Structure formats: C-alpha cells, structure tokens
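>>> prediction below, plus the sequence it came from.
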Amino acid sequence: MIKLLKFYNRLFSFIDRYVFFLKESVLYFFNKKKLNILMKKKNPLISIIVPTYNRSFFLKTRSIRSILKQSYTNFEIIVVVDGSTDNTIQILKSFKDSRIKIFQIERKKKRYPQTAINHWFCGPVIAINHGLKKISGDWIARLDDDEIWGKKHLEISLRKLYATKSEFVSGKRLCKENPIDKRKFMISKHTNKYIENVKYDDQIGGNNTWVYASYLSFFKANINCWRKDINKVNDLDLIERMIRVGIKICFTNRATHIGLPREENGSTGSRYYLDNEKKIMKEYNI
C-alpha cells in the first residue's frame, strides 16, 4: 500500500509539473513585456502578503511592526487570516493604518495529509493564493507572520530590481536559533545588530526576502507540493517553477531579514515543526 501510494504521488507530481510548466510558460510569454513598463515607475506600490493563523502576538511584535517601520512606505499589507480563532483581527485593527487590508478565510476542509511536516510544506498555501487574488500593487513581497524585516528591506530590494532590470529579487536571511533574551522576540532598536551583511553561498534567498513583479501573480502556491520527492516546501516548489520558465532573477548580498525562534529556547523552520510535533498536530489539525 505504501509503495503504491509513493508511486501515485510520483506520477501525480510528474504530471503536475508539466501542467504547471505549460500553463506558466504561456502566461509568462504574454506578460514578460510588462517589465519595461514597470521599470519606468518611480514610486511603485508593493503588495505585501502576510498569511496568518492564530499568531496575533507575532503579528503585533514582529511582522506587521517591522513592515510599518520600512523606509519605503508605498505599500499595502494583505493579511490573510486563515481561520484564526484568537484576537488576530483586533490586533490588526489596533494598528489603525489604512494600508493594512484584512481578508478572512475558513479552514473547514482538510487540504493535505495532516502531519507536522506537511503543515510546514503546505500550511500557508491556501492563504497565499487568496492573497494573490487581492493584490493591487506593482510588486509582490512575502512575509510570514512570525518573521522580521530590517528597516530598509523594501528599499534595498527595489534598488536592486531596478539596477538589474530584474523581475525577482531575494536576499540573505540571518537565522538566530540559539537561546535568546525573550525581549528580543519583539522588534526594537536591538534587532538592528542582527541585520548585517553576512556572506552566504546561496544565490536565492528564502521566501521572506522575495520581491517580484505582480504580473507574475499567476504563479500560485502548490497545495500538492508535499507529494514531491524533493523541493517539497511550497516556496521551493514555486521558485523552481519560476526558474524553469526563465524569469529574470537577481540577488542582493544584504541580509535584510531575520528569523527568530517562536519559543525562547526553540528552533526555526522545519526543525521547529519536527521538534514540536505534538504541539503542531494539536494546533493545526482540523
């Protein structure tokens, strides 16, 4: 049964890959000429998509706060509240900023096999795709609800895009996994010392550093990415498909994003999901 399931998933992923490629290649062919028009805009609007589920504390102390501190201010924040049952809406409204736009969706149906690691692979996919339908900007940026941008993230990203005439930019991420003072879970003047120029070998940074042309919004997150043998995480699946059709990509050597643990002695990324499997299953399973 397990072997049959693996075979099915591989076959599904193989067909899925080529369906995505055919559709996205055609759409990219007809849309890529819009880059010339985009390059002429001096003060473009950036649509920032923030998917969230029951993390009002981090929205308040990390993601939204760091966005509102950006040196580049012409943006809208598309917050997709994915069935939250906490005080997320009240927290978002407390910022009293008209650039914050709230969209609520429901989590009634199981979207994929509910394991801790699958929540890591696919958790924000539905919310991301909903957010892509609501954007009105010239560029798209992504920020997870528990992440932090340095003050000049958008400014540096736009500068690189225009300098290289690219459609997609990413940068470096500084990950702080060691135990830290709980006060530093909240963005403050102390956070700036973590946002520095750290050398990495990777030339495509994590999804929280991405800024890309809004005419590429037809690249949807893949709810079936968990079926793949490799690159199962939704953002890796997405960038793999973008590269395959040949979008113009650039990279900035500036670290403008910091990843902090969700708990005082916790880990980040997939390690957090694996280390806290019981907690993840309890909080995220429908």
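Received the coordinates, thanks. Numbers count the residues shown, from 1 in each chain.

>>> tell me where the stretch 151-286 of the chain has strands.
Taking DSSP state E, counting those that start in this stretch, the strands of the stretch 151-286 of the chain run over residues 168-175, 211-213, 249-259.

>>> can you get me a residue count around residue 104?
Per other C-beta atoms under 10 Å, the neighbour tally for residue 104 reads 13. To be clear about C-beta, it is placed using only N, CA and C from the backbone, and glycine gets the same treatment.

>>> okay, and the beta partners of it?
residue 81 (DSSP bridges).

>>> and what of residue 175?
Counting by DSSP bridges, residue 175 is bridged to residue 259.

>>> which positions within the one helix or strand residue 78 maps to qualify as buried?
According to DSSP states H and E, residue 78 maps onto strand 75-82. For strand 75-82, burial by neighbour count (16 or more other C-beta atoms under 10 Å) applies to 75-82.

>>> could I get those as TSV with pLDDT?
Formatted as TSV, the buried residues of strand 75-82 follow (pLDDT from 0 to 100):
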residue	pLDDT
75	98
76	98
77	98
78	98
79	98
80	98
81	98
82	97
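
>>> and which of those is nearest to residue 12?
Nearest to residue 12 among the buried residues of strand 75-82: residue 82, at 24.5 Å, using C-beta to C-beta.

>>> correct me, but the closest one touches residue 126?
Yes - assessed by C-beta atoms under 8 Å, residue 82 is found in contact with residue 126 at 6.6 Å.

>>> one step back: so for residue 141, which of the strands of the stretch 151-286 of the chain sits nearest?
Using C-beta to C-beta, the strands of the stretch 151-286 of the chain put strand 211-213 closest to residue 141, at 4.7 Å.

>>> ok, back up a step: quick one: closest of the strands of the stretch 151-286 of the chain to residue 53.
Using C-beta to C-beta, those put strand 249-259 closest to residue 53, at 18.1 Å.

>>> and that closest one, what's buried?
Neighbour counts over strand 249-259 (16+ other C-beta under 10 Å) mark 249-252, 254-259 as buried.

>>> what's the angle from that strand to strand 168-175?
Interaxial angle, strand 249-259 versus strand 168-175 (axes from the mean of the first three to the mean of the last three C-alpha atoms, to 10 degrees): 30 degrees.

>>> so for strand 249-259, mean pLDDT?
On average, the pLDDT along strand 249-259 is 88.

>>> then stretch 203-212?
Taken as a whole, stretch 203-212 has an average pLDDT of 91.

>>> one more: stretch 166-176?
Confidence for stretch 166-176, expressed as mean pLDDT, is 87.

>>> show me which residues of that stretch are buried.
For stretch 166-176, burial by neighbour count (16+ other C-beta under 10 Å) applies to 166-175.

>>> tell me where the stretch 151-286 of the chain has helices.
153-164, 234-245, 269-275, 277-284 (DSSP state H, counting those that start in this stretch).

>>> between those, which one is nearest to residue 18?
Comparing the helices of the stretch 151-286 of the chain by C-beta to C-beta, helix 234-245 comes nearest, at 10.3 Å.

>>> can you pull the buried residues of that closest one?
Buried residues in helix 234-245 (16+ other C-beta under 10 Å): 234-242, 245.

>>> ramachandran angles for the residue nearest to residue 217 when sequence neighbours are not counted?
Nearest residue to residue 217, sequence neighbours excluded (C-beta to C-beta, 6 or more residues apart in numbering): residue 132, at 4.8 Å. Phi and psi for residue 132, reported as degrees, to the nearest 10, are phi -60, psi -30.

>>> tell me who's in contact with residue 132.
Residue 132 is in contact with 49, 140, 217, 220, counting by C-beta atoms under 8 Å, 6 or more residues apart in numbering.

>>> and the second one, how far is that from residue 161?
Put plainly, it is residue 140. 12 Å (C-beta to C-beta, to the nearest Å).

>>> overlap in contacts of these two?
residue 211.

>>> re earlier: residue 36: which of the buried residues of strand 249-259 is nearest?
Of all the buried residues of strand 249-259, residue 250 has the smallest distance to residue 36: 16.4 Å, by C-beta to C-beta.
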